[in-house]
Every structure is written in C-alpha cells, then in structure tokens.
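[1] model the structure of this input:
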Amino acid sequence: MFVLRTELATTPAWMQGPDWDLRKSPAMKIQHLAFDRYEGQDPRIALDLTNGLNVVDARQPLLARQLADLVGHVLYGARVCDRDAIVHDHPGYVDVDSSLGRFRMERHADRANRGTYTEPRLTVAPLEGHHAQPGTARQLLKGLSPEVAARLLVLRRSDDDQLQWLLSESLATELHRIERVHPEHVESRDIPHDASDLFTTRDRLSHQIELLLAEKRRSSEALEAAISELSLEYDAAQHRHAECQHELDEVLARLAELETQLRYHELSEFVGRTADEAYHQDQQSLLADLDEEIAKWRRALAELEAREAQIRQQLSQRHPDDSSPLLPLADQRAAIMVAHRLVADLDSEVARYARPSDSHACLCRHTHARLHPLVDTLGQQIEKLAGLVEQYEAAVAMDQLKLEAAHLERSQQELRATIDHLLDRRQSRMRTSRARNKVEGLDVQALPKDWQRLREDLENQRGDLTGELEEADRHIHSLLSRRDRLHHERAELMNDANLVQLRQDLDEVTRRIETHAPRSASTIGYSVAPWRASDILAKLSDGRLREVRLAEGGRQATVLNRHGSTIRQSDLNEVDRRLLSISLQLAAVAGVAQWGLRLPLVVADPFAELPAAESAILALVLQDLGRAGHQVLVSTSSTAVVDRLRSTGQAILTVGGPQTPSTSEPVTTGLRAFQAKTITTPIEVEEDQEDNGCALSLDDSIDRFAVFGEDTKQLFSAIGIHEIRDLLDADADDVSHALDRTGISGSIVELWQTHVAMLVYVPDLTLHDAQLLTSAGVRNLQQLADADAEELHEAMEEYLASPRGVRYRSRQGMGLRQVSRWIANAGSTRARWASTPYASRTANGTTRKVSQAPAPNGRRRSSTNGTRRAVPSRKERPLRFRLSRKSPVVDAPSIGPKTAKRLQKVGVQTVADLLSADCDALAESLDVRHINAETLVTWQHQAQLMCRVPELLARDVQVIVGCGFTTPEGIASAKASDLLEFAKSYLATPEGARALRNGEAPDLARVKKWIYWAENRRELEAA
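    Numbering: from 1, shown residues only. Next comes the predicted model:
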C-alpha cells in the first residue's frame, strides 16, 4: 500500500506522478464505502452506491458531515469538517471502480505527523486489475489537480471565499487546460472558422437564445401563478388539517381522562380487597410501645419535678444574706487574727511563770487578774468562729441546693424534649396509618353518571375526526403531487434540447473567437459557462433570479432578476450569494463532466444554510444531475430534503439512529402514570418501525413507553434507564425503590415489563391488546404461545363482561381469528424471546406474587416464588456509577440548587472541587449559619462514597454516612444484620427521618445490595 497525504496547500504526495495519457483515463465511480463511527468497533456503517444520485439520510448533522468528510478526504483530500473542530477522524474506506481496476482508498485510525499538526494516515490499495502506482490516485482524477478537485467536487456550505474562487483566474486556467487535454469530447459542428462569420454566428445564436428564453419566461410566469394559487389552497388544507388534529387531541385527552378515572376505580377496588390487617396490627403494637415509653418518661419527669419543688422549698426557708459563703469567710479570718493575738498574749503570760527565779515578787496574786480576761476573750472568739463555720456550711449547702435545682431543671428539659420526640413519632405513625388508609381507599372523583354514553360519544367523535384527517391527508398529498408536477414542468422549461443545443453552439463559437484573439494571463476566459449557471440559478431561486452575467473577464458576476433589474454580486443577500455560488459550482462540474471527467460529486449537507423551498429545489437539481449520468453522493440530516426526494421515488440509504417522523398517529394508549394527577399518554408507533411488525424494539428510547407522560424520559433517565432494553433488564424492586413514587410498587413495574416484552416480541400487538391479555391471565410470551385459542378467547370475553373489563369494552367482540393470530405470532418469536434474561426470570409463568405485608409509603414488597432476592441478579448491563468527579456539584447528595449556587460563587463547580476543598476555609467563605465545617465534611464523605460505589442513590449514601460508614471498604466488611441495625438506629433520629424523606426504609435485602455494590467499588481517581 502507498501512504496518502491530504494537505490541500500543495499537491498531495499520493497524487504525484508522471504525466499520464489522460484521454485514456476512465471515469471513476464509488461502489462501496464503510464508515466506522466508534473507533473500529463493529458494526460499521456500510453502504453500496450506484450510478446517479445516492442519498444518505444521516439523521444527525454531525454524522452527515463526518460521512462526507470521509469520502471527500480519501478521494480528493477535501476536509468537510475543520481540522481544529474535529474531535476524532473516524476511520473508513471507499471502494472505487475504473478501467484501471478497483481500488480501496482508506483512512486509518493512526495519525501521521505533519509538523504543526497531525492527520490520519491514508492508503490506496488495489482490489483487482492494475497494481497501485505512486500516481494511481492522480490518474483516477484524470489530470484534474487535487486542489481544484477538493473544492470543485465537494459541495459544502458555501461562503464568499468559495464564490470568489469559482470566479478566479486560477480555476479558469485549470479548466481551460483540462478542456484542451480532452478535445475529443468537444462536439464539432458546421460552424464557420472566419472571424467575421464567427461574430455573426454568435449574434444570431444569442438572438435565438433570447427569443427562446422569453417564450419560456412567459410559460414560467403562468406556471408560477398556478403554483401560487396551489400554495394558497395547500395552506388552507394544512390549516384545516391542524384544526382537525387539535380537535382530535382534545377528544383523545378527554378519553384519556375518562380511562384514568376508570383505572383509578379499578385500582381502588383491587387495593380494598387486598388490604392487609397485619399492617394495622403492627401499627397498633408500635403505638402501644410508644405510649408505654412516653408514660415511663412522664413518671420520671414527675419525680424530678417533685424533687425540684422540695429543693425550692428549702431554698425559700433560707435567708438571702446567708446565701454567699464569702461573707462568713471574711469574718472567720478576722476572728482568727484576734485569736492569734490572744494566744500570743496568753503565751507571754505563761512564759513569765516559766521564769519565777528571775523575779523577787510573788506573781500569784496577779495571775487570775491577768489570765481571766484573756481566757474569756479567747472563748468568745472560739464561739464566734464556730458560728461563722456554721454560716459557711449553710451557705455551701445553699449553693449545692441551687446547683441541684439547676441540674434538675436541665434534666426536666431533656425529658420534655424526649417526650416531645416520642409524641412526634406517635403522630407520624398515626399520620402514616391515615395516609395509607387514604391511599388504599383511593378516594377519587366519582365517575359521571352517563360515563358510558359519554365514552361512546367520544369514540364516535374520534372516529369521525380520524376519517376527516385521513381525507385531509389525501387532499394535501394530492396538492403536493400537483405542486411538484408544476415545479417539474417549470424546471423542464430550462432543459429544452433546442436551448441546450443553441448554448453549446454559442460556447463553441465563443471558444473559437477566443482562440483567434491574442490571450494574456489576465484574459484567460470564463471558468464557468454563464448560460449553464443561469439555468441552475433560475431553478434554485424558483425564477426570482433569471440570468448570470460575468464581467471583468469572468472575475465578477451580476444577476438579472425576474423584473429585468441587474444586481451586482456584492448587493446580493446572503441566501442569493449562496445560491449563486452553488449554481457556479454545479455549472463547472457539469462543464467538466461534458469533457469526459465524470468524477463523483460529494454533497456535504449544504441544505442547512438555505430556506426550505430552496433546499427542496436543490435536491431536485441534484437528482437531475444524477439522472444525466453523474454520480452524486448526498449526505444530509434534513428530513424535509429526504422526504421530498423520497416522494419522487428516490431510494434513500439510512444510517444513524431511528428517525422520528414528522407526523405519527397514536394507535394505542399508554399506561397511567401514578402521580397526583394521572394522565394517559399514547404510545406512538413510528411508520418506519422494524420489519418484524412489533410496536416497540429494544433500542427504542424509554419515552416511547410514556407511563409518566412528558416526564417519562426525565424520571427514568435519572435512575439510569434510557432504552426499552434497560427497563426489561432491570430488577422490578430496584426500579420501584429508585423511582420512589407513591403507588409504584414492584408488582406495578413487573406489569410494565410484561407489557413492554409483549410489544417488543409479539408482532401486530398494541398496548391495549397486551393489557387485555395480562388481565385475562397471560403473564409472558411463553404462556401466550402455549395458550389454547378458544380458552384464551373465552377468558378474555369473560373479563370484558366483568366490571373490571369495562374500560376495554371497545374491544368486545374480537374474533377468535385475531386471538389465534396473536398466539401464532408469539410462537414465531418464541426462540428470540427465550434467549433473553427477562425470559429466564419469568419462565413458566412464575410472576410476582403480591405479599400481604405492604411496605411504608403505600408500596407492596414482593418476591418471586415467595422469596425476595437478597442480591440483585447479575445482569448483562454493568453496574452504573451515578456520580463522578466531573459531575456538577448540584448532583452531589444533600446539595440542592440553592446550595449549589452558593458553592459555585466561591469556586466549587464540580464534585472534584467539593472533595478537594478545605472545609474550614470553605465554611468561612460561604458564611451561612447552617453550613459549617462539620456539615461540609459529611457532604464530602457522601460524595466520595457515591463516586466509588455503583448504583447507590443519594438517600442510600445519606443513611450509610449517618450510620458512621464513610468508606466502601468499611461497608464491604460489615455484616448485613449489623449494618441494618445501625441504619434503624440512625433513621429513628430527626436527621435520619429527614434523610429518608418519607421514603421506604431499607430492609435486609437492600442492605445486602449495599454490601454487594461496595465489593464492586472503584478507586476515586477512576471516578
């Protein structure tokens, strides 16, 4: 293989080579192309192309450009997508055919370095015939330079640069060179060679062309008037069609409302029959326990109040002056000082008696007089000191009583708070019980007394409006056909063979005049034949712009409109400049093709920049070019263009996702959304549904099954269900728990799955049919395939005759033949259904049995075969992580929109910013009273846990972190029973109740799933 270069500024290396004999070079045709959107993964987009027009409906604008980019890149080195804007150059190849042989021109996933940028590696390889040579690619271009081919043979969104290039001297020089290389393709007629005769012939031909054009303009004006009148009639028909559609929508809405009321009454009867008395007994037992605990704490509170009263009485009996121990303490210090002095005096007196030999006088008669006052005073001081001690003890006791009184008051406050909390729990239990009774009762609005007659009237109105809509559709289709026929007639006016012959003769005369005249580089001539560009422009503008005239040696263009006014190129509006550019380019392509260079024209969705009318005409012009023998590849995402070409019988190649038709007729009614106000939303069956005839497919978007009306896609996407396949693969209990909506139990979700499975695998079955089958006892496709037609028909008729079957009365009287056809269709698809995981879960009719112990929030816990799975089944889809570090901070648990805005103002935009933030600094920056550093740490734990553990909901991580588990490793190593006890303890607190948000408390099965998910954790860096 030879490596290809795609640089447009210079001749690519893969196109360089010797001068080939261009007159022997054949036309090049694309036979097959393959395009890999997902980096080499199968399946590829593979298309087989034919001669003429090939239209690829890409459905998506980006895919349309990428497909054209591949073909233009490998054939001509042209890039439809800007190099800077390309996220990934998708690999692929194009197989071309010529007399040189068949070659594969391929773009690979690996890239080559071009200095300042890199680009994908291109190769050319022979499939059969001649061997590839260094100049094979250029030989396939038949001598046309790669720079010119890249801009001339790829029709993309035009701009002023493209328009100037089409009028440039460089293009004119190149095209004249090609014309000289291919003289055998220029028809030679009996045209004089003398210069004077040439000028005379030119004038005569010009006059004949003008006369013929004038006649055609008059015919065109008549056709234009007819088209205008037809357009008015078409607008009126469209208006009436819209009115009928609006009336039909209103009738369908009223029918949906009536069926919703019927459905609610049916549910009310069902729930009333299956109400579980054990639940009420359990509630009464819990209330009794709460009452006993409340009474116990009230007794304790009464004892504390009695003790406090006793202490208050003791305090009231004491004098306020004795309340402070500091006063007697000061008196004690004074008494001690006096006692010290008395003791010192007494000691000195005693000392005198200790030295009797030193005195000759007798001391005895003075002893009593000296010692008695000292002893009395000392005794008084001791008594005073004893009194002060008693006062101090009394003050200390009083302080102790005060402290005990304060402690008793705090204890009473705590007991009162505990009692209030228990009372709140009791009230909550009472409210839950009352709410459950209300839900079970389903107190809905009463049905109208004459609801049967009302429904019959609405059904009749729907039938009448449907018939009127069908008649309006036929009338509109007839008008469109007539309008297209008039457009075609007007387009054919410019395709007159005589006019074409005259213009070709005029071109030849002009060329010979230029040959006889001396020519300089600045007067090389026109790059495009003006008459050919005029024809195309007149078609594209629907006759507004009639003629293109070239001035200044072909470097500038002027346009003549229908009123005969001349408009300069610079004065044209943006749309007309684009039409002029397209006209010049297609005229140049047609001129080159006339010389034998019939190379594929790649059309890269230029319709987006044009109005709808001009886009439709451009599609027809390209179709005419294809019918003339030119291979044209149109890659577009425009539904209007595709529909217009399809209406002319053009084959359409479809790639990309499923197409959404512009109008679709609702044929069934969707399941009711169990919301505060339930609305019935029809399931729309697309006209281009799969050939198997089934109403749904596994790859359909989940909003096709509109059980929640307009909110279906949003609610299911929030829990990771995006397609019908996801709903069938999901565990019913998981879906019920994740949706967290009153009335949506696991059994309801299983009923959805049953209906969806039948719509996916049974052809010619509507949702009403599936609902009727399940109501008659059919729970899966296996049962339907094995059913006896007569018995099933009898069971369905019996159900329709019952009060519960009143909403299906319109289906009463269905024949045995239809039931037999359902059974036969189920049998034909049984093998495909049996290979699915959903089939194995519902094999042998073992569907969910509703247990008699309903869970809180109106849910009924359910199980398969009497037991509920502790760990979710290993499904084909991988476990999903509901949060990543790149997620916006508002997606993190516990953070709402208001808090997210506050965090964003201080620079926390994503979950990664939250995890890396310093909590103390962030709390200070937020300056919000209820958001402190401790709260932020909790949020970080929750976000980190949700990033690392799959499938966890925000409510789950709040409960888990509240229990003290902050790492997946800790959850994985915990025992399920212990973790459940921690969760119950946390949920009994006010914080736990707020985290649960009136949802269903986790049970042992849910806790086991937490552990299983934690075992499948990932590192935070991988989030």
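[2] got any ranges where the stretch 651-800 of the chain has weak pLDDT?
    Flagging of the stretch 651-800 of the chain using pLDDT under 70 yields the residue ranges 656-693, 709-710, 742-743.
[3] revised request: answer the last question for the stretch 1-150 of the chain.
    Applying pLDDT under 70 to the stretch 1-150 of the chain flags residues 1-27, 37-43, 82-88, 114-117, 129-134.
[4] tell me the SS of the residue nearest in space to the middle of the chain?
    Nearest residue to the geometric centre of the chain (C-alpha atoms, centre = their mean): Ser717, 7.2 Å. Assigned by DSSP: H, G, I helix; E, B strand; the rest coil, the conformation of Ser717 is helix.
[5] which residues are in contact with it?
    The contact partners of Ser717, by C-beta atoms under 8 Å, 6 or more residues apart in numbering, come to Ile702. C-beta: built from backbone N, CA, C; applies to glycine.
[6] show me the domain layout of this structure.
    Domain assignment for the chain, taken from automatic domain parsing, gives 1-186+598-657, 277-355+364-441, 715-863, 889-1022.
[7] nearest to Leu262, out of these?
    domain 715-863 (4.4 Å; C-beta to C-beta).
[8] look up how far Gly72 lies from Leu262.
    Per C-beta to C-beta, to the nearest Å, Leu262 is found 59 Å from Gly72.
[9] reformat the domains of the chain as TSV; add distance to Ala225.
    Formatted as TSV, the domains of the chain follow (distance: least, C-beta to C-beta, whole Å):
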stretch	distance to Ala225
domain 1-186+598-657	17
domain 277-355+364-441	67
domain 715-863	47
domain 889-1022	59
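[10] in stretch 735-751, what's buried?
    In terms of neighbour count (16 or more other C-beta atoms under 10 Å), stretch 735-751 has its buried residues at 735-741, 743-751.
[11] where do the helices sit along the stretch 751-900 of the chain?
    Counting by DSSP state H, counting those that start in this stretch, the stretch 751-900 of the chain has helices at residues 767-775, 781-786, 789-801, 816-828, 830-834, 837-841, 897-905.
[12] of all these, which one is nearest Leu140?
    Closest of these to Leu140 is helix 830-834, at 45.8 Å (criterion: C-beta to C-beta).
[13] show me what that closest one packs onto, helices and strands only.
    When contacts are defined as 3 or more C-beta pairs under 8 Å, 6 or more residues apart in numbering; DSSP states H and E, helix 830-834 packs onto helix 746-761, helix 781-786.
[14] does Leu645 really touch Val56, like I thought?
    No. Using C-beta atoms under 8 Å, Leu645 is not in contact with Val56, being 11.1 Å away.
[15] quick one, which of these two is more surrounded?
    Val56 (28 against 23; other C-beta atoms under 10 Å).
[16] list the contacts of the more buried one.
    47, 64, 67, 633-636, 652-655.
[17] go on, Val1007?
    976, 979-980, 983.
[18] ok so, going back, of all the domains of the chain, which one is nearest Thr510?
    Across those, Thr510 has its closest neighbour in domain 1-186+598-657 (12.3 Å, C-beta to C-beta).
[19] okay, helices next: where are they in the stretch 401-550 of the chain?
    Secondary structure of the stretch 401-550 of the chain by DSSP H, counting those that start in this stretch: the helices cover 451-493, 497-516, 530-540.
[20] deepest-packed of those helices, please.
    helix 530-540 (a mean of 25; mean count of other C-beta atoms under 10 Å).
[21] just checking, what packs against that one?
    Where contact means 3+ C-beta pairs under 8 Å, 6+ apart, helix 530-540 is packed against helix 497-516, strand 545-551, helix 574-594, helix 612-627.
[22] now Asp913: which helix or strand?
    helix 911-916 (DSSP states H and E).
[23] ok, and what's touching that helix?
    883-889, 891-892, 903, 907-908, 939-940, 943-944, 947, 1020.
[24] one more pass at 7 Å, please.
    Residues from elsewhere that reach helix 911-916 (C-beta atoms under 7 Å, 6 or more residues apart in numbering): 883-887, 889, 892, 907-908, 939-940, 943-944, 947.
[25] so which bits of it are buried?
    Neighbour counts over helix 911-916 (16+ other C-beta under 10 Å) mark 911-915 as buried.
[26] Gly907: what's it in contact with?
    Asp913.
[27] same question, Asp699
    Residues near Asp699 by C-beta under 7 Å, 6+ apart: 723, 725.
[28] ramachandran angles for it?
    Dihedral pair for Asp699: phi -90, psi 0, per degrees, to the nearest 10.
[29] which residues of the stretch 201-350 of the chain fall in helices?
    277-316, 326-354.
[30] do you know which of the ones you listed lies nearest Tyr838?
    Here helix 277-316 is closest among the helices of the stretch 201-350 of the chain (C-beta to C-beta), at 31.2 Å.
[31] what's the closest one packed up against?
    The contact analysis (3 or more C-beta pairs under 7 Å, 6 or more residues apart in numbering; DSSP states H and E) places helix 277-316 against helix 364-441, strand 849-854.
[32] out of these, which is closest to Arg121?
    strand 849-854 (61.7 Å).
[33] which stretches in the stretch 601-750 of the chain count as strands?
    601-604, 632-636, 652-654, 666-672, 680-684 (DSSP state E, counting those that start in this stretch).
[34] so what are the sheet partners of the second one and their directions?
    Its sheet considered, strand 632-636 pairs with strand 53-57 (parallel), strand 601-604 (parallel) by DSSP bridges.
[35] pLDDT on that strand, on average?
    The average pLDDT for strand 632-636 rounds to 92.
[36] which residues sit against it?
    The contact list for strand 632-636, computed with C-beta under 7 Å, 6+ apart, reads 30, 49, 53-58, 64, 67-68, 71, 600-605, 607, 622, 625-626, 642.
[37] and Asp159, how many neighbours?
    14.
[38] and what of Asp542?
    Neighbours of Asp542 (other C-beta under 10 Å): 18.
[39] hmm, it is touching Pro611, no?
    No. Distance between Asp542 and Pro611: 10.2 Å, which falls outside the contact criterion (C-beta atoms under 7 Å).
[40] Arg642 and Ala776, how far apart?
    Quick fix: residue 642 is Val, not Arg. For Val642, the distance to Ala776 - C-beta to C-beta - is 43 Å.
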